[in-house]
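Asks: Any chance you can model this:
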Amino acid sequence: MQIVFMNRLSRMSGADQEAFAQLWIGEEEGIWSLGWRDFSGAEELSDNIWYEGGSWNEMLCVYRHELAVKMGDGYRPLIDGVFHEEEGLNSRNQEQLKLQHYSEQHANEAIYEELCAWRRGRASSERKAPYILASNRLLRMLSAFLPRTPEELLQIPGVGEGKASQYGGEWLNITSGASRDHSYPLSWVNEAVEEEAFSSWLYKQKELKYKKQLERLRLRRIVLQGIENGLGMDQLKTTSGVSRREVLEAVEELEKDGYSVEKLIELELQGISPNEQDSIWTAYELLGDSFLKPVLYKAYGEEFSPAEGLDMYYERLRLIRIRFRRGTENGVEMATGF
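Replies: Below you'll find the predicted structure:
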């Protein structure tokens, strides 16, 4: 095996003792290997193999995720730029990340729970997903920094003029009544955050990010192989261990990246009448393919409300949308015109 990359890392372990490790990537006849080797004083321990396989992209995802875990544990590399991506943070991004980091350590839990209850109520009344109204991250920052005025509210990352106008008054009703021992502007946070703790937190964020990327990559591989083997949505859901919605999102991504998913679409739509498919196709032609809800009611009628719910119909729309987008590029005029 040829070693194509190696880096040495170290961290403080115990009372003034330094632990060392090596991270390496090797290749032999198209098979990539990725490993981690610990050292204990002069003693060299056995390798911990993180990955062996033929996919560079998957190996790189594993590399980034596992390295982020190690750096979150305090390891630091001899050679910088170890994630093989653009890493630098500008001052504004770093300031916002420090605010987020601080808020996770100093949130007012009672206020946070009250904000979460507000979000549940609002989401229900507006028939929106809760995260569209406000993310957990934003509610944490509101609960930690407790703005009392519209001017203070606008200093919270994630609060723009639109959100402040729409929901700001309700947020301030919750946050302004709580006692606080800090002031605005929030520039003091930069000094209040301990740099080593902040660095470890940043690597934890990378760990979560790369874990999601790795899970997404593996899901795509499972779905692509399943489609090739003639599996349907139910079987892909069982094989992958994720929801039908997540499977369908992976199918859309694969189609966008140039992979053929037509075998699955044909299988899933084989019980749908040509007239129904053509109605959906025509709705896309009239309304465009950006939003599904107007297409649904154009194809099925404004009063459409099946007892079994709408999920299966939205899934049907998304499968036909894949054909529609492909057909638009290729000049296909009808949903069943193959």
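
Asks: From now on I want contacts and neighbour counts done on CA atoms only, so please keep to that.
Replies: Will do.

Asks: Give the residue spans of the stretch 151-300 of the chain that score low on pLDDT.
Replies: Across the stretch 151-300 of the chain, nothing is flagged by pLDDT under 70.

Asks: typo on my end, the stretch 1-150 of the chain
Replies: Applying pLDDT under 70 to the stretch 1-150 of the chain picks out residues 13-16, 40-45, 81-91.

Asks: show me where it has strands.
Replies: Along the stretch 1-150 of the chain, the stretches classed as strands by DSSP state E, counting those that start in this stretch are 2-12, 18-28, 31-40, 43-53, 76-77.

Asks: Please tabulate these in a markdown table and include distance to Arg244 and mean neighbour count as additional columns.
Replies: Output for those, formatted as a markdown table (distance: least, C-alpha to C-alpha, whole Å; neighbours: other C-alpha atoms under 10 Å):
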| stretch | distance to Arg244 | mean neighbour count |
| --- | --- | --- |
| strand 2-12 | 39 | 14 |
| strand 18-28 | 36 | 17 |
| strand 31-40 | 32 | 18 |
| strand 43-53 | 28 | 13 |
| strand 76-77 | 40 | 18 |
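
Asks: Leu236 is nearest to which of these?
Replies: Leu236 lies closest to strand 43-53 among those, at 22.7 Å (C-alpha to C-alpha).

Asks: Can you tell me what sits against the closest one?
Replies: 31-39, 59, 62-63, 66 (C-alpha atoms under 8 Å, 6 or more residues apart in numbering).

Asks: how distant is that strand from the center of its chain?
Replies: Centroid displacement of strand 43-53 relative to its chain, using C-alpha atoms, centre = their mean, to the nearest Å, is 29 Å.

Asks: Can you show me the CA trace of that strand as PDB?
Replies: Provided in PDB are the C-alpha atoms of strand 43-53 (Å, rounded to 0.1, in the frame of the first residue of the first chain):
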ATOM      1  CA  GLU A  43       5.300   2.700  22.300                       C
ATOM      2  CA  GLU A  44       3.400   2.500  19.000                       C
ATOM      3  CA  LEU A  45      -0.100   1.100  19.100                       C
ATOM      4  CA  SER A  46      -2.000  -0.700  16.400                       C
ATOM      5  CA  ASP A  47      -3.900   1.200  13.700                       C
ATOM      6  CA  ASN A  48      -7.600   2.000  14.000                       C
ATOM      7  CA  ILE A  49      -8.900   1.600  10.400                       C
ATOM      8  CA  TRP A  50     -11.600   4.200   9.700                       C
ATOM      9  CA  TYR A  51     -12.300   3.300   6.100                       C
ATOM     10  CA  GLU A  52     -11.500   0.800   3.400                       C
ATOM     11  CA  GLY A  53     -13.200   1.000   0.000                       C
END
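
Asks: Pairing partners for that strand, with directions?
Replies: Strand 43-53 has the following strand partners under DSSP bridges: strand 31-40 (antiparallel).

Asks: Okay, angle between the strand it pairs with and strand 18-28 too, please.
Replies: Interaxial angle, strand 31-40 versus strand 18-28 (axes from the mean of the first three to the mean of the last three C-alpha atoms, to 10 degrees): 160 degrees.

Asks: What are the contacting residues of strand 31-40?
Replies: By C-alpha under 8 Å, 6+ apart, the residues outside strand 31-40 that reach it are 19-27, 44-56, 59, 63.

Asks: Run the chain-centre distance for that strand.
Replies: Its chain's C-alpha centre and that of strand 31-40 lie 28 Å apart, by C-alpha atoms, centre = their mean.

Asks: Let's see that strand as CSV, backbone CA atoms only.
Replies: Extracted in CSV, the C-alpha atoms of strand 31-40 (Å, rounded to 0.1, in the frame of the first residue of the first chain):
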residue,chain,number,x,y,z
ILE,A,31,-8.8,0.8,-2.8
TRP,A,32,-8.5,3.6,-0.3
SER,A,33,-7.6,3.1,3.3
LEU,A,34,-7.9,5.6,6.1
GLY,A,35,-6.5,5.0,9.6
TRP,A,36,-5.5,6.5,12.9
ARG,A,37,-2.5,5.4,14.9
ASP,A,38,-2.0,6.3,18.6
PHE,A,39,1.4,6.6,20.3
SER,A,40,2.0,6.1,24.0
